[in-house]
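A.B. asks: curious how this folds, go ahead:
(2 chains)
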Amino acid sequence: MRKLLPFIVIVILIAAWHFAVLWWHSMIIPGPWAVVTGIAELARKGLLVKYVVASLYRVTWGYLSAVILAIPFGLFLGWFRRGERAFNPLIQLLRPISPLAWIPISILWFGVGDLAAIFLIFLASFLPLAVTAMNAVNGIDTVHLNVGRNFGLSRTRLIRSVIYPAVMPQLIVGLRITLGIAWLVVVAAEMIAVNSGLGFLIIDARNAGNRYDLVIAGMVLIGTIGLLLDTVMRRLEQLKTLRWGYENK
Amino acid sequence: MAQVVSAVAPGTAPIKVRFQGVNMVFSTDGASIEVLKDISLDIRRGEFVCFLGPSGCGKSTLLNIVGGFLQPTGGSVIIDQEPVRGPDPRRIFVFQERGVFPWLTAEGNIGFGLFDLPTKERSRRIEHYIRLVGLQGFERAYPQELSGGMKQRVEVARALAVNPDVLFLDEPFGALDSITRLIMRGELLRIWQAERKTVLFVTHDIEESVQLADRVVVMTARPASIRRIVEIDIAHPRDLSSRRYIELRDSIFEEIGLAHKV
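C.D. replies: I've put the predicted structure just below:
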């Protein structure tokens, strides 16, 4: 019953949507069935796979390059307090700037195309990841570091056996939240900087003849894929070696 | 230094740990706080010494200095004729149960310091110490699945597994309920008698110190210095209602200026 409840809510809302569209005889807003046929149409034309792959491709590269650079950078800042003091004001200054504000500059630098979108996703992911990594290092219990030193661990072994497992729970949460941000940003980036992908689908469907069934089809696809990505990341939090970080807090 | 005859360890055992005029002053924001004042003491190999004092008196600081985690601002600590320069795997610090790594199983924690051993020897040692502290059946359990007393056992086993000469225990049973605490004291004594480590044990519990130690070092309030050293000349296992036990306990209560009445 508990698992069924969310589905019941969704079914009720879809039904309400269906009847509301019937009631108002709306010419523009499509009903749920029109959206389903819209998705089917996309699939038939081969656009469904093409656009989903294009969006995932950009997110993958933008996000992964941010992960590779931001996490070591954040860990470094957290470990060397002087680095944190030097960089933190800059980070806090850049953080409130929406990644979308970088769209003109990224187009200027990379032109209209994949690189511009990837760059935007990289920017959107970098700071949250760096800040998470920095805070995760600051949160390491001194007692655990002392235990490591007491048992005579070398520097590399201390990193591998104490620091790495100690920061993982927080890092995984940061990775999950940031992947959500990256997925939000790719849609916006694709509306402006490229001509493929789910964001492009939405803006293109509207511009090319008010195809609101395709607009909503795009929205449904974005939501579904976002949910799937989040579910995968949440799975990681169930690992026994990480779960300690989420309990009693 | 007066010759002290230990109840269990022979008084002729060589000196293991020597405190030479240890001073500690913390300075924060221009203000300096004197925490330790002129601590000099010799501890023999195999001896069980309790440092007893009120909370916040600086006895933990003293233990952190001898453990190598803090540098004293004056004097020195010498172990095996060598000045202490940092933490050393031959001397293991047992924190309260929070020193257990939450991301490792009981097994993983106990084997933590054994990274240099071949796998077979490593698992043999882990098994031995699991049995010694009575954690059979919990090898694969994570700390969050263990009680406070069990976590403390894991920590003690992890320390013993690397076969150190000296154990530092900083109020190790402070967070446990009184029944578990009594059991753990018995276990610690049993292990100490089996393995003959030198033990430096910090506590604010008078009864605990008299139950465990060969000698109780009674500290003053901050800045901590040695007020008196009480030798507990009762063989183990100690009868907690014997005249001598009560006599020694009450003399410490008196020393600290507490009437032993509630």
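
A.B. asks: switch to C-alpha atoms for all contacts and neighbour counts from now on
C.D. replies: Noted.

A.B. asks: secondary structure class for residue B:86?
C.D. replies: Put simply, residue B:86 is coil when judged by DSSP: H, G, I helix; E, B strand; the rest coil.

A.B. asks: tally of neighbours for it?
C.D. replies: 15 (other CA atoms under 10 Å in any protein chain shown).

A.B. asks: right, and it touches residue B:72 too?
C.D. replies: No. Under the criterion of CA atoms under 8 Å, residue B:86 makes no contact with residue B:72, lying 11.5 Å away.

A.B. asks: what about the chain, any weak spots by pLDDT?
C.D. replies: Picked chain A for this. Applying pLDDT under 70 to chain A flags the ranges A:1, A:247-249.

A.B. asks: nope, chain B please
C.D. replies: Those would be B:1-11, B:97, B:258-262, if you go by pLDDT under 70 across chain B.

A.B. asks: longest helix of it, counting residues only.
C.D. replies: helix B:178-195 (DSSP state H).

A.B. asks: cool, chain A as well?
C.D. replies: Chain A, longest helix under DSSP H: helix A:47-79.

A.B. asks: helices along the chain, start to end?
C.D. replies: I went with chain A, as the question did not name one. Using DSSP H, helices in chain A cover A:4-24, A:32-45, A:47-79, A:81-94, A:103-110, A:114-138, A:142-150, A:155-158, A:164-192, A:198-207, A:212-237, A:240-243.

A.B. asks: meant chain B, my bad for not saying
C.D. replies: B:59-66, B:106-110, B:119-132, B:148-161, B:178-195, B:206-212, B:243-256.

A.B. asks: quick one: buried residues of the third one?
C.D. replies: Of the residues in helix B:119-132, those buried under the neighbour-count criterion (16 or more other CA atoms under 10 Å in any protein chain shown) are B:122-123, B:125-127, B:129-130, B:132.

A.B. asks: okay, now residue B:178: neighbour count?
C.D. replies: Residue B:178, neighbours per other CA under 10 Å, totals 11.

A.B. asks: which positions in chain A make contact with chain B?
C.D. replies: A:143-144, A:146-147, A:149-152, A:165-166, A:240-242, A:244 (CA under 8 Å from any CA of the partner chain).

A.B. asks: returning to that earlier point: then the longest helix of chain B to PDB, C-alphas only?
C.D. replies: Presented in PDB, the C-alpha positions along helix B:178-195 are these (Å, rounded to 0.1, in the frame of the first residue of the first chain):
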ATOM      1  CA  SER B 178      27.700   1.500  35.100                       C
ATOM      2  CA  ILE B 179      27.200  -2.300  34.700                       C
ATOM      3  CA  THR B 180      29.000  -2.400  31.300                       C
ATOM      4  CA  ARG B 181      31.700  -0.300  32.900                       C
ATOM      5  CA  LEU B 182      32.300  -2.800  35.700                       C
ATOM      6  CA  ILE B 183      32.400  -5.700  33.200                       C
ATOM      7  CA  MET B 184      34.900  -3.800  31.000                       C
ATOM      8  CA  ARG B 185      37.200  -3.100  33.900                       C
ATOM      9  CA  GLY B 186      37.300  -6.800  34.600                       C
ATOM     10  CA  GLU B 187      38.000  -7.500  31.000                       C
ATOM     11  CA  LEU B 188      40.800  -4.900  30.800                       C
ATOM     12  CA  LEU B 189      42.500  -6.400  33.900                       C
ATOM     13  CA  ARG B 190      42.200  -9.900  32.500                       C
ATOM     14  CA  ILE B 191      43.800  -8.800  29.200                       C
ATOM     15  CA  TRP B 192      46.400  -6.700  31.000                       C
ATOM     16  CA  GLN B 193      47.400  -9.700  33.100                       C
ATOM     17  CA  ALA B 194      47.500 -11.900  30.000                       C
ATOM     18  CA  GLU B 195      49.500  -9.500  27.800                       C
END
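
A.B. asks: now do that helix against helix B:148-161, angle only.
C.D. replies: 10 degrees (axes from the mean of the first three to the mean of the last three CA atoms, to 10 degrees).

A.B. asks: helix B:178-195: which residues count as buried?
C.D. replies: Those would be B:181, B:184-185, B:187-192, for helix B:178-195 by 16+ other CA under 10 Å.

A.B. asks: between all of the residues you listed, which two are separated the most?
C.D. replies: B:181 and B:192 (16.1 Å; CA to CA).
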